[in-house]
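Visitor: Would you be able to build a 3D model of this:
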Amino acid sequence: MVALVLCSGYHPAAFTGEFVRGLGLAPQRLMIFPTEEQSPHSGSALYDCLCDRLALPAQAPPLLFIAFSAGVVAAVAGSQLWQQRGGRVAALIAVDGWGVPDLGATPLYRLSHDHFTHWSSALLGAGAAGFWAEPAVEHLQLWRSPQTISGWCEWRPGWRSRSTAADFLRQLLDQYRGNEEWSILS
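Guide: This next block holds a predicted model:
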């Protein structure tokens, strides 16, 4: 089983609730890093939160991170701390994580609110696959309502297809979840 962890940015918590509903996820089956209580870009705070919820990293299920904006910084740093202490990370999905490099140890997927952000982020490592909105949308709209965002999926360089951000995310989530439910993080 894989456990799903959401790391949002600097915005009202209700926006993350809209993201969860837009993807059709069950809120009780995922962990949401409490950015209203912790700094959204703090990897050490995310790591501490994971330890509080999961106890020992080596005994926890693999984690799949979906992170937005400043939350991508926390997810990258927190996932590295998690792995250094014996935990497993299945993948990281960076939603508008501009300027965050692909460090190569964990599969990285990028979603961007426009083509320029997609292109310029790829200069730091394109990741395993990506999505960009076309037409471009506002930064927060990509997080609040991925089901309404049309654009392009790029599964490998030069091969792309039309999709919505939500469908791209669902394909990734299905790939990692397989036929199982998400592990409950208690």
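Visitor: give the contact list for the residue nearest to the spatial centre of the chain.
Guide: To find the centre residue of the chain, average its C-alpha atoms and take the closest one (CA atoms, centre = their mean): that gives residue 66, at 1.6 Å. Listed by CB atoms under 8 Å, 6 or more residues apart in numbering, the contact set of residue 66 reads 4-7, 93, 95, 169. Backbone N, C-alpha and C define where each C-beta goes, glycine included.
Visitor: now with 7 Å?
Guide: With CB atoms under 7 Å, 6 or more residues apart in numbering as the criterion, the residues that contact residue 66 are 4, 6, 93, 95.
Visitor: can you tell me how far residue 132 sits from residue 18?
Guide: Residue 132 sits 21 Å away from residue 18, going by CB to CB, to the nearest Å.
Visitor: So between the two, which is more surrounded?
Guide: Neighbour tally, residue 132 and residue 18, criterion other CB atoms under 10 Å: the higher count belongs to residue 132, 27 against 15.
Visitor: residues of the lengthiest helix in the chain that come out buried?
Guide: If you go by DSSP state H, the chain has its longest helix at helix 70-84. Using 16 or more other CB atoms under 10 Å as the burial criterion, the residues of helix 70-84 that qualify are 70-82.
Visitor: Adding pLDDT and distance to residue 103 as columns, could you present those in a markdown table?
Guide: Listed next are the buried residues of helix 70-84 as a markdown table, based on pLDDT from 0 to 100; distance: CB to CB, whole Å:
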| residue | pLDDT | distance to residue 103 |
| --- | --- | --- |
| 70 | 94 | 18 |
| 71 | 95 | 16 |
| 72 | 95 | 12 |
| 73 | 94 | 12 |
| 74 | 95 | 14 |
| 75 | 96 | 12 |
| 76 | 94 | 7 |
| 77 | 94 | 10 |
| 78 | 95 | 13 |
| 79 | 95 | 9 |
| 80 | 94 | 8 |
| 81 | 95 | 13 |
| 82 | 95 | 13 |
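Visitor: Including distance to residue 147, could the residues you listed go into JSON lines?
Guide: What follows is the buried residues of helix 70-84, written out as JSON lines (distance: CB to CB, whole Å):
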{"residue": "70", "distance to residue 147": "23"}
{"residue": "71", "distance to residue 147": "20"}
{"residue": "72", "distance to residue 147": "21"}
{"residue": "73", "distance to residue 147": "26"}
{"residue": "74", "distance to residue 147": "25"}
{"residue": "75", "distance to residue 147": "22"}
{"residue": "76", "distance to residue 147": "26"}
{"residue": "77", "distance to residue 147": "29"}
{"residue": "78", "distance to residue 147": "27"}
{"residue": "79", "distance to residue 147": "26"}
{"residue": "80", "distance to residue 147": "31"}
{"residue": "81", "distance to residue 147": "32"}
{"residue": "82", "distance to residue 147": "30"}
